[in-house]
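A.B. asks: coordinates only, sequence not included:
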């Protein structure tokens, strides 16, 4: 007998039929003798419907009232799923986030879980009940309803799994696992059997949005085995494990686990800025003040004199505003420098814990791109990731070439 | 400064525009220096939408899950109304039934209020907040969400007013008060300035469905001044008062306060049944067992011998089933008797605390009906009510004639 926490997102419970399908899936696990806690999101479309209602009334609703409003979305789903389970003869009880014991701080719309009281929950499970819990929500010390922010249902699932010491937290989505890269771009992309938490974090933050980053961090921190799998077809999905666990399983870990990419960023460069202490903060300070998030940052010494070139990327949607800030505030402040910008770029990243122990990944990457005549505009590396910025038009070509070159292709039988 | 509890039903909050209108109304009271607790129902149509979802999943949903589901309806309204108040610069906080301290028993879908913890509520009011509370719902001792049954928002309003010692509980509806009779049937019907709790109870149970009976009982029991008034137009509405209060106000109380009527009942008669102890329960027992509610009951001694005639009314929708039960079970059990039925009847009732101290109301009623050639099929009386059953086709004629004869007509300047 195992204890599973199973999380189903908005698409998976998006209609009466799908809720019935989820009930059937849960019943199968229970028929095999397992204990099950189900965490569900609002039916797809419902949260947006509620937000639109609010917007018609007040264009700046208070966060507390927004949480009061949108938390009804999951409450509808939990009751409907419990009813669907009852219809199949499965004893089940629904609980809101507050009722299931999820205590958060009072940061409405982006609350953080502080504590989970599992006593009642355990009593229900021992009593043979399936527990159906509302994802995405909790309550603060005073009983005010809070939400964890969009996508927070994943976090609820992992947090409940951690608190209960569950054998596995299963996140059901509309994809059947984590892929080496996006199959829509590279037809030879393949599903990974396992991936480490760290790799998953790099892939998620780079654009392979299968799981909420926070949930993965949480799973890593509390050592919760996390599995991503499809709501709509059976299959093993992808198991996300702590790195230590993986090393036991596979002696020969792959060099690269996946390739992430995005064309949603733009690049800005300040040429010939004075190379004096504090210049980076004088450039990025005004941008942070405007609540613009900066992703990659690269600083190079200029060929001659005490000057430097400073390059960074922002979301494409922030490009124009960032350019304006640099022009109006930063350049006058620095007193010198030249401004360049490019929003026709793409970022391609290789991710893999294996590269830590293998030299030469970067040089191999650059060679592959050179062979394809892809110019590299910018490079940035971390321990388990190499990212390059290239021209947007080369993105798909680069992803496919790298996918093949690093042995990620489906049915690839060449040894690494 | 007064403390008002204001309850707005589903129609009054049925759209974004109407919610904004409610916020404006609440603001007006607050601008005059009053404290306000607002109780709201689900937006009209929302509860039915949720019930339909449930029915698509399970045709016998458990009451607990139904309450979990439908209670989201009011939760949406409270947050939207709080947002609308904020937009007008009015500080307001929304609370679910559980949060506002409404403790009930665990009789899901028809829970009864057991206790109201007003401490937090008072703190909010003293802090200058408008409290926006979800009607119709509460929580049991274990924190399970319960509902008070349909229309229970009125009860929430009165219960909160009682617990807080409010100066007035105002029930906003789509009518502008309680009328002497239904204006659609009698164009000379007029709005009553005041009516006693007892009269209101008789009128409500007889078909003038302005207020939930339970709320009126509650108001009577806890001596809460209750006012019915229109959401859509300004006006004094009708004040429902304890009888003692009214007697102080008006020495010359009217003989009759209102005329109720319904054509939704059917009449069944057992002629020549044995007149022995226990016969009534032998007739009505099987009917009660089938969950059929009996309204009027009249028993007459038959002209000769130890026989009696037994007549009662049920809802028209229960007529056929009741007839079948009498035929299949009751007649064989009694061993004798003859069965008659009529579903083309109407019941017309005069209601007024004044009739207690005035003889002759009944005879005057009968004379008026006789003058109009209306045959009386059945009579039943209580301390403040006389009901007659007549042919359905005479209902409107009877109501109008009685309305005039008992001095209820608008612009009637004849002394009583």
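C.D. replies: Okay, I see it. As the structure is a prediction and not an experimental result, all values here were calculated from the model.
A.B. asks: Output the set of residues of chain A in proximity to chain B.
C.D. replies: A:16, A:19-20, A:50, A:53-54, A:56-58, A:61-62, A:64-66, A:68-69, A:71-72, A:75-76, A:78-80, A:82-84, A:86-87, A:93-94, A:96, A:99, A:143-145 (C-beta under 8 Å from any C-beta of the partner chain). In this view, the C-beta of every residue, glycine as well, is placed from N, C-alpha and C.
A.B. asks: List only buried entries from those.
C.D. replies: A:16, A:19-20, A:50, A:53-54, A:56-58, A:61-62, A:64-66, A:68-69, A:71-72, A:75-76, A:78-80, A:82-84, A:86, A:93-94, A:96, A:99, A:144-145 (16 or more other C-beta atoms under 10 Å in any protein chain shown).
A.B. asks: so how far does stretch A:90-98 reach from one end to the other?
C.D. replies: Terminal residues of stretch A:90-98 are spaced 24 Å apart (C-alpha to C-alpha, to the nearest Å).
A.B. asks: chain center to that stretch, what's the gap?
C.D. replies: On the basis of C-alpha atoms, centre = their mean, to the nearest Å, stretch A:90-98 is displaced by 27 Å from the centre of the chain it belongs to.
A.B. asks: which residues sit in contact with the residue nearest to residue A:88 when sequence neighbours are not counted?
C.D. replies: The spatial neighbour of residue A:88 that comes closest, neighbours along the chain excluded (C-beta to C-beta, 6 or more residues apart in numbering or on different chains), is residue A:27 at 5.1 Å. By C-beta atoms under 8 Å, 6 or more residues apart in numbering or on different chains, the residues touching residue A:27 are A:85, A:88, A:90.
A.B. asks: which of these has the most neighbours?
C.D. replies: Of all these, residue A:85 has the most neighbours under the rule other C-beta atoms under 10 Å in any protein chain shown, reaching 30 neighbours.
A.B. asks: I'd say that residue and residue A:131 touch.
C.D. replies: No - under the criterion of C-beta atoms under 8 Å, residue A:85 is not in contact with residue A:131, lying 10.5 Å apart.
A.B. asks: which residues do the two both contact?
C.D. replies: By C-beta under 8 Å, 6+ apart, the residues touching both residue A:85 and residue A:131 are residue A:92.
A.B. asks: which residues of the stretch 51-200 of chain A score low on pLDDT?
C.D. replies: Residue ranges of the stretch 51-200 of chain A with pLDDT under 70: A:150-151.
A.B. asks: pLDDT value on the residue of chain A most remote from its centre, please?
C.D. replies: Most distant from the centre of chain A: residue A:305, at 42.7 Å, with distances by C-alpha atoms, centre = their mean. We have a pLDDT of 71 for residue A:305.
A.B. asks: Over to residue A:298?
C.D. replies: So, for residue A:298, pLDDT stands at 87.
A.B. asks: can you check residue A:211 too?
C.D. replies: pLDDT, residue A:211: 81.
A.B. asks: burial measure for it, as a count.
C.D. replies: Neighbours around residue A:211, by other C-beta under 10 Å: 25.
A.B. asks: Then residue A:340?
C.D. replies: 13.
A.B. asks: Got phi/psi on it?
C.D. replies: phi -130, psi 150 (degrees, to the nearest 10).
A.B. asks: Could you do residue A:55 as well?
C.D. replies: phi -60, psi -30.
A.B. asks: Contacts only, for it.
C.D. replies: Residue A:55 neighbours (C-beta under 8 Å, 6+ apart): residue A:61.
A.B. asks: Distance check, it against residue A:76.
C.D. replies: 20 Å (C-beta to C-beta, to the nearest Å).
A.B. asks: Residue A:174 now?
C.D. replies: 20 Å.
A.B. asks: go on, residue A:353?
C.D. replies: 41 Å.
A.B. asks: what's the one helix or strand residue A:214 maps to in contact with?
C.D. replies: Assigned by DSSP states H and E, residue A:214 belongs to helix A:213-221. Contact with helix A:213-221 is made by A:152, A:154-155, A:157-159, A:161-162, A:169, A:171, A:197-198, A:200-201, A:204-205, A:224-226, A:240, A:242, as judged by C-beta under 8 Å, 6+ apart.
A.B. asks: List the buried residues of that helix.
C.D. replies: Those would be A:213, A:214, A:215, A:216, A:217, A:218, A:219, A:220, for helix A:213-221 by 16+ other C-beta under 10 Å.
A.B. asks: what's the answer for stretch A:109-116, then?
C.D. replies: Going by 16+ other C-beta under 10 Å, stretch A:109-116 has these buried residues: A:109, A:111, A:113, A:116.
A.B. asks: Looking at those, which are in strands?
C.D. replies: Judged by DSSP state E, these include A:113, A:116 as members of strands.
A.B. asks: Closest one of the buried residues of stretch A:109-116 to chain B?
C.D. replies: The closest of those to chain B turns out to be residue A:109 (C-beta to the nearest C-beta; 12.5 Å).
A.B. asks: and residue A:237, how many residues sit next to it?
C.D. replies: So residue A:237, with other C-beta under 10 Å, has 22 neighbours.
A.B. asks: One more: residue A:280?
C.D. replies: 14.
A.B. asks: just the one 3 residues further on next, same as before
C.D. replies: A count of neighbours around residue A:283, defined by other C-beta under 10 Å, yields 25.
A.B. asks: Now do whichever residue of the stretch 301-416 of chain A sits closest to chain B, the pLDDT please.
C.D. replies: The stretch 301-416 of chain A approaches chain B most closely through residue A:317 (27.3 Å), counting by C-beta to the nearest C-beta. On the pLDDT scale, residue A:317 is placed at 94.
A.B. asks: So it, which state does it fall into?
C.D. replies: helix (DSSP: H, G, I helix; E, B strand; the rest coil).
A.B. asks: about what we covered before: quick one: the residue nearest to residue A:88 is in a strand?
C.D. replies: No - counting by three-state DSSP, residue A:27 is not part of a strand but helix.
A.B. asks: Direction included, what does the host helix or strand of residue A:314 pair up with?
C.D. replies: Assessed by DSSP H and E, residue A:314 sits inside strand A:307-315. When pairing is defined by DSSP bridges, strand A:307-315 lines up against strand A:265-274 (antiparallel), strand A:294-301 (antiparallel).
A.B. asks: This completes my enquiry, with thanks.
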